[in-house]
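J.: here are the coordinates; sequence isn't available:
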Ligand code: 5AD
Ligand code: SF4
């Protein structure tokens with residue numbers, strides 16, 4: 001008998017499609033007996049649970065049932081579960097889940113979505129690994145190193161799982177997110193102690209996957225979706241004292257930059273309906289949060305086509321000199337509309353967004369950022385390289401000149417804007433001359449923040465199939481070091497211009513280094529440290545106050561480094577009252 005007892009493989013998309021799997025596995029060692037936790041399964045067999053499950057499974061699911069189970073928009077129906085499971089088996093029954101997040105901010109948000117779904121099914125959350133019944137790792141595949149970290153972590157968890165085989169409640173381990181999507185059953189083959197896999201669009205299926213795993217079977221759902229946005233799943237705010245939150249507005253990416261695995265692990269680009277985003281932002285405002293960051297792989301490519309628009313034929317305005325790797329899209333509610341609406345929900349709530357693509361900065365977005373007090377004057381503009389030749393090989397859709405023109409235009413449209421970028425050192429075919437062009441771009445732009453990486457070849461990408469990873473590792477690392485040094489020098493210079501200025505800071509709490517200092521963020525998202533002292537409140541001159549997390553304060557900047565500003569606090573204020581300083 002083939003170890004994949006049931007496999008549904010669906011090719012749902014056109015040329016961008018990646019193969020999707022929904023599978024239930026039996027044990028490789030004993031084929032009819034489920035894998036991984038054989039000892040615990042024996043115990044369950046004694047209880048008659050497995051026998052019952054096994055016979056239901058053998059006689060049970062039809063092709064239609066698997067189609068239904070694969071529909072990612074549907075959470076397992078508690079009243080009408082699949083025929084091989086009972087309602088009771090779908091419930092968490094207060095078992096404790098430990099969630100561990102790796103990678104980007106999207107993964108932090110995904111963790112909360114997964115948790116929200118499990119909480120509804122009756123699971124509890126624990127921050128203590130030792131008392132967990134279920135351990136879920138939300139994973140990242142963007143670079144080789146990110147995946148290696150997960151493999152190492154799985155080796156550590158092996159010991160914990162083995163210890164638990166002897167206990168009444170076996171430990172279940174799951175891999176969620178990009179790595180589950182990229183490697184699929186390779187993870188189950190390499191690490192027999194992994195019980196479940198759930199790709200980024202399969203979190204609604206977690207209760208069912210865990211129920212299947214409870215019978216001792218490995219279970220996986222790595223189907224990608226064209227429309228899953230988890231619009232109705234409100235992420236659970238983990239820290240009640242938090243001042244800011246992330247709100248996911250779109251998922252996936254259609255750009256297919258030649259180095260990037262994201263379109264393969266997170267699927268096609270799709271946007272969440274505006275109404276559900278506004279509802280979430282309103283709720284966060286009611287909870288007293290003071291900052292929202294709109295989140296997505298390409299936030300500013302946002303396009304809500306969920307309602308029929310009168311302007312469906314209007315084609316997209318791209319930034320000047322930029323092109324796309326896909327056919328022009330039309331209609332729908334665009335990012336400028338969303339940003340306008342979101343920023344009106346609460347004038348005291350700061351709005352940020354990440355991560356955008358430089359191609360989608362039409363003038364209306366720039367004007368809105370300039371005009372609206374509560375939209376932060378901070379733009380992330382991932383350049384990736386300063387060489388037009390490398391940018392072409394990366395399929396970024398712009399030249400160095402077009403990128404620099406956009407920088408000039410943004411600086412003109414939004415005076416005082418804070419800029420950040422991503423760069424990759426040592427991409428396929430990058431020469432010393434290309435590298436020096438990146439160095440000169442860093443010097444020319446003088447970014448306030450930067451995220452720099454050595455190139456890591458990823459399977460499936462266009463670069464993997466068509467280009468040669470020909471820059472030796474030590475050269476990549478040397479170039480990366482050079483970029484970091486230049487970035488730091490320039491950021492220090494850029495931040496120096498803040499000295500003597502008064503800036504509006506949103507207080508986050510005490511500084512990690514000193515309990516007598518407070519820490520917050522300025523409009524450009526840089527960390528600002530200042531002494532925790534009494535101050536005047538602009539709305540009530542009779543009292544002196546100490547700043548609390550969530551307060552806005554004015555801070556006079558006295559010194560800077562490449563990453564932090566220091567200063568002294570002047571008064572407590574509001575976002576509206578502060579208007580423009582410096
Ligand atoms: N190697 C190195 N860096 C990468 N990035 C994306 N793919 C790779 C890769 N294969 C970087 C890009 C992107 C950021 C999120 O990660 O700079 O903007
Ligand atoms: Fe990757 Fe490019 Fe999409 Fe960013 S825009 S997620 S780098 S493919």
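T.: Arrived safely, thanks for sending. Predicted, not measured: the structure shown is a model, and the values here were computed from it. Ligands and ions are numbered 1, 2, ... in the order given.

J.: Show me what residue 177 is bridged to.
T.: Per DSSP bridges, the residues bridged to residue 177 are residue 139.

J.: hang on, it packs against residue 138?
T.: Yes - under the criterion of Cβ atoms under 8 Å, residue 177 makes contact with residue 138 at 4.7 Å. For every residue, glycine as well, the C-beta is placed using N, CA and C.

J.: which residues do those two both contact?
T.: Among the neighbours of residue 177, those also in contact with residue 138 (Cβ atoms under 8 Å, 6 or more residues apart in numbering) are 103, 107, 110.

J.: Looking at those residues, which are in helices?
T.: Counting by DSSP state H, these place 107, 110 in helices.

J.: Go back to the shared contacts of residue 177 and residue 138 and keep what's next to ligand 2.
T.: Restricting the shared contacts of residue 177 and residue 138 to those touching ligand 2 (Cβ under 6 Å from any ligand atom) yields no residues.

J.: who wins for most neighbours among the shared contacts of residue 177 and residue 138?
T.: Tallying neighbours with other Cβ atoms under 10 Å puts residue 110 at the head of the shared contacts of residue 177 and residue 138, with 27 neighbours.

J.: tell me the contacts of that residue?
T.: Contacts of residue 110 by Cβ under 8 Å, 6+ apart are 101, 138, 176, 177, 200, 203.

J.: wait, which of these is closest to ligand 2?
T.: Ranked by distance to ligand 2 (Cβ to the nearest ligand atom), these are led by residue 200 at 12.5 Å.

J.: Residue 512 and ligand 2, how far apart?
T.: To ligand 2, residue 512 is 31 Å away according to Cβ to the nearest ligand atom, to the nearest Å.

J.: What residue in the stretch 351-500 of the chain comes nearest to ligand 1?
T.: residue 422 (3.4 Å).

J.: which non-adjacent residue is nearest that residue?
T.: Computed as Cβ to Cβ, 6 or more residues apart in numbering, the closest residue to residue 422 that is not its neighbour in sequence is residue 382, at 4.0 Å.

J.: didn't the one you found look like it was pressed against residue 355?
T.: Yes - using Cβ under 8 Å, residue 382 is in contact with residue 355, at 6.8 Å.

J.: Tell me the residues that contact both of the two, please.
T.: Joint contacts of residue 382 and residue 355 (Cβ under 8 Å, 6+ apart) are residue 422.

J.: Going by distance to residue 393, which of the shared contacts of residue 177 and residue 138 wins?
T.: Residue 393 lies nearest to residue 103 out of these, by Cβ to Cβ, at 25.1 Å.

J.: so that closest one makes contact with residue 178?
T.: Yes - contact criterion Cβ under 8 Å: residue 103 and residue 178 qualify, at 7.1 Å.

J.: what residues do these two have in common as contacts?
T.: 139, 140, 142.

J.: among those residues, who's most crowded?
T.: Among those, residue 139 has the most neighbours (other Cβ under 10 Å), with 29 neighbours.

J.: Does residue 491 belong to a helix, a strand or coil?
T.: Three-state call for residue 491 (DSSP: H, G, I helix; E, B strand; the rest coil): helix.

J.: Next, count neighbours for it.
T.: When neighbours are counted by other Cβ under 10 Å, residue 491 comes out with 22.

J.: shaky segments in the stretch 451-582 of the chain?
T.: Applying pLDDT under 70 to the stretch 451-582 of the chain flags residues 579-582.

J.: Helices of that one, residue ranges please.
T.: If DSSP state H, counting those that start in this stretch is used as the criterion, the helices of the stretch 451-582 of the chain fall at 462-466, 473-496, 575-578.
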